[in-house]
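K.L.:
Sequence first, predicted coordinates after that:
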Amino acid sequence: MKAARRCWLACVVSMMCSCSSPRPYDASRSGSGGAAGAAGLVGGMIGTGGTTGGFAGTPGAAGSAVSSGGAGGLGGGPETGGVVTIGGASGRGGIGAGGSPGVGGGLGQACSIQSDCPRACSACSGGICVSIVNADDPDTCAGTCDANGICKSKQGQTCQTGLGCVAGTTCAPDGYCCNSACTNSCQACDVPGFLGVCTPVASGSPHGNRVQCADAGSTCGGTCANKPDGSCSYPSADVTCGAKTCSAGTTTGGGSCNGGGQCVPSPPMSCPNGCDATGTGCLSCGGGAVSCNGLCCAAGQSCCGGSCVDANSNPNMCGSSCMACPTSSRGTATCTQGTCGIACTSGAPKCSDGGCSRLSWTFDTSDLDGVVVTGGAFSVRSLNGNMALAIDVTNLTAVSISVPICRTGNLDLSQKMFSFRAYLDGVPVSPSDLAQFFLDAADPDLTTGYLGLESVPQGVWLTYAAPLGTAASDTAQATIRVGSFGAQFSGTVWIDDITIR
């Protein structure tokens, strides 16, 4: 049996070797081939492949198309397709299991159509695969073929095609083949309309994996702004930065940009007008306005008790110091244009000190209002239901009643009438003596008599009145005197209804 098989193989070899040249490829005579290995032997020799076994077996497990077959085997040629096997003549090559071209499709190999040269930057020319140089190969290269027949990306294309960028260009940091390295932060080769040309970035952040601008995204951080040299632009020192707070009239924090992407803190600052209402800065009040609890008061107002009040006319909070205008029982306090004053009641005239004179003393409310008595004990009490000034005397010689027309200043009394009522209630030391009493009124120096001497009877209210003289322009008070002519008297002298009109 073994001898018979050796004889059969020898006959086959002899038949093949006796041919002077390989038989041309004829598809009609091609057998269907067999599987790799022993199955190929049957298919190629006596199977369905035809009388001579066919020229190319069906592709083996790792082959493709009508190539000579897979990785060797009696059914077809090896992967290279160039060695005659028992399965038939050599094939036209093919793509092996890994997907790379076989030697049969490489440069210099035989071909009949373009697809026989699947390698990038190759073409079927004159029956052989030749290299394409310095030209495009649209079928297999998305870029262009360089001088060495290698597929490279063109200028303006991304750097992902083939084996890099074509000569004269560089893969820039943004991933495009560019006319220069284009590595400055604010340069780019992917700017629309300028793909592949290193161009300044008009705005925004650096493109690709270039170095970002310092402190990008912060107030002082850099950004691209179309600078020709591709450098970053930064805010100048007039741009404020950082959080600023104001408390107890002093600001802290905040600052200004240094032009290089950093915020330079500001030193603490005292606020003349205090902090504003937001608590972030000093309060600024223009036009002479004053600050008040974080607000600016309107013109004519002052800050009193934490509130803006009208300081021009409020007597309780008058002027910039918010003083309370002094009150007076003789008038009403006023504030006029920030200055305190007095409005006299009942039409009373003004004294030289700005106060008001007193028009009358009735003693109904027990208010002496500056009336002073010398020469006896005095009080305000009732006489038969009428309140009056009572002066108790013993062995009367004279008593004086000083009436303050003005408290401190003077008043022109030249056109005024002075009047009062008097009543004597008592007995002389000796009942048999009829005492004679006198009454007069004078200026403070007791040098000018206005009423002269008047008799004062007992037990009767009498009114005494006289015009005040022209010499009284500097008079601040008037004086009433009551006395006796020699006869001593003990009792009460009553004075009431002192009036200046």
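P.N.:
Done, it's in. Residues are numbered from 1 along each chain as shown.
K.L.:
give me the low-pLDDT residue ranges for the stretch 201-350 of the chain?
P.N.:
Within the stretch 201-350 of the chain, the set of residues satisfying pLDDT under 70 comprises 288, 329.
K.L.:
domains for this structure, by residue range?
P.N.:
Domains of the chain are assigned by automatic domain parsing as 240-284, 360-500.
K.L.:
Contacts only, for Pro200.
P.N.:
Cys186, Gln187, Cys224, Asn226, Lys227, Pro228, Asp229, Gly230 (CB atoms under 8 Å, 6 or more residues apart in numbering). In short, each C-beta sits where N, CA and C put it, glycine included.
K.L.:
Leaving out sequence neighbours, find the closest residue to the first one.
P.N.:
Closest residue to Cys186 in three dimensions, ignoring its sequence neighbours and counting by CB to CB, 6 or more residues apart in numbering: Cys224, at 3.8 Å.
K.L.:
Poorly predicted segments of the chain, please.
P.N.:
Along the chain, segments meeting pLDDT under 70 span 1-105, 288, 329, 414, 427-437, 442-453, 468-476, 485-488.
K.L.:
what residue is smack in the middle of it?
P.N.:
By CA atoms, centre = their mean, the mean C-alpha position of the chain lies nearest to Ala243, the distance being 8.0 Å.
K.L.:
Apart from its neighbours in sequence, what residue is nearest Ser346?
P.N.:
Ser346 sits nearest to Leu359 (CB to CB, 6+ apart), 5.9 Å away.
K.L.:
tally of neighbours for the one you found?
P.N.:
By the criterion of other CB atoms under 10 Å, Leu359 has 18 neighbours.
K.L.:
Let me know the distance separating it from Asp412.
P.N.:
Leu359 is 15 Å from Asp412, where distance means CB to CB, to the nearest Å.
K.L.:
which residues sit against stretch 274-283?
P.N.:
Applying CB under 8 Å, 6+ apart, the external contacts of stretch 274-283 come out as 243-249, 251, 269, 271-273, 284, 291, 293-296.
K.L.:
could you redo the last one with a cut-off of 10 Å?
P.N.:
By CB atoms under 10 Å, 6 or more residues apart in numbering, the residues outside stretch 274-283 that reach it are 240, 243-251, 253-254, 269-273, 284-285, 291-296, 303.
K.L.:
Quick one: distance of that stretch to the chain centre.
P.N.:
Chain-centre distance of stretch 274-283: 13 Å, with CA atoms, centre = their mean, to the nearest Å.
K.L.:
Can you list the buried residues in it?
P.N.:
Gly274, Cys275, Asp276, Gly281, Cys282, Leu283 (16 or more other CB atoms under 10 Å).
K.L.:
Out of those, list just those in strands.
P.N.:
Of the buried residues of stretch 274-283, none are assigned to strands by DSSP state E.
K.L.:
Ala422: which of those is nearest?
P.N.:
Set against Ala422, the nearest of the buried residues of stretch 274-283 by CB to CB is Gly274 (64.1 Å).
K.L.:
how close does that closest one get to Cys351?
P.N.:
Gly274 is 42 Å from Cys351, where distance means CB to CB.
K.L.:
ditto for Gln212
P.N.:
For Gln212, the distance to Cys351 (CB to CB) stands at 83 Å.
K.L.:
of the two, who's got more company?
P.N.:
Cys351 (24 against 15).
K.L.:
Run through the strands of the stretch 401-501 of the chain in chain order.
P.N.:
Secondary structure of the stretch 401-501 of the chain (DSSP state E, counting those that start in this stretch): strands at 417-428, 437-442, 454-455, 462-467, 477-484, 489-500.
K.L.:
The third one: partners in the sheet, and parallel or antiparallel?
P.N.:
Yep, that's strand 454-455 we're talking about. Take DSSP bridges as the rule and strand 454-455 pairs in its sheet with strand 437-442 (antiparallel).
K.L.:
Could I get the contacting residues of the residue lying closest to Asn316 once chain neighbours are set aside?
P.N.:
Spatially, and ignoring its direct neighbours in sequence, Asn316 is nearest to Ala324 (5.2 Å; CB to CB, 6+ apart). Applying CB under 10 Å, 6+ apart, we find Ala324 in contact with Cys304, Asn314, Pro315, Asn316, Met317, Cys318, Ala333, Cys335, Cys340.
K.L.:
So how do I select the buried members of the residues you listed in PyMOL?
P.N.:
Selection of the buried residues among those in PyMOL, burial being defined by 16+ other CB under 10 Å:
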select buried, resi 304+314+315+317+318+333+335+340
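K.L.:
Need the contacts of Ala324 in TSV (columns: secondary structure).
P.N.:
What follows is the contacts of Ala324, written out as TSV (DSSP: H, G, I helix; E, B strand; the rest coil):
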residue	secondary structure
Cys304	strand
Asn314	coil
Pro315	coil
Asn316	coil
Met317	coil
Cys318	strand
Ala333	strand
Cys335	strand
Cys340	strand
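K.L.:
Farthest pair within the contacts of Ala324?
P.N.:
Cys304 and Ala333, at 15.6 Å, using CB to CB across the contacts of Ala324.
K.L.:
okay, now Gly126: neighbour count?
P.N.:
Gly126: 7 surrounding residues under other CB under 10 Å.
K.L.:
I'd guessed it sits against Cys117; true?
P.N.:
No. The pair Gly126 / Cys117 is not scored as a contact, 11.7 Å apart, by CB atoms under 10 Å.
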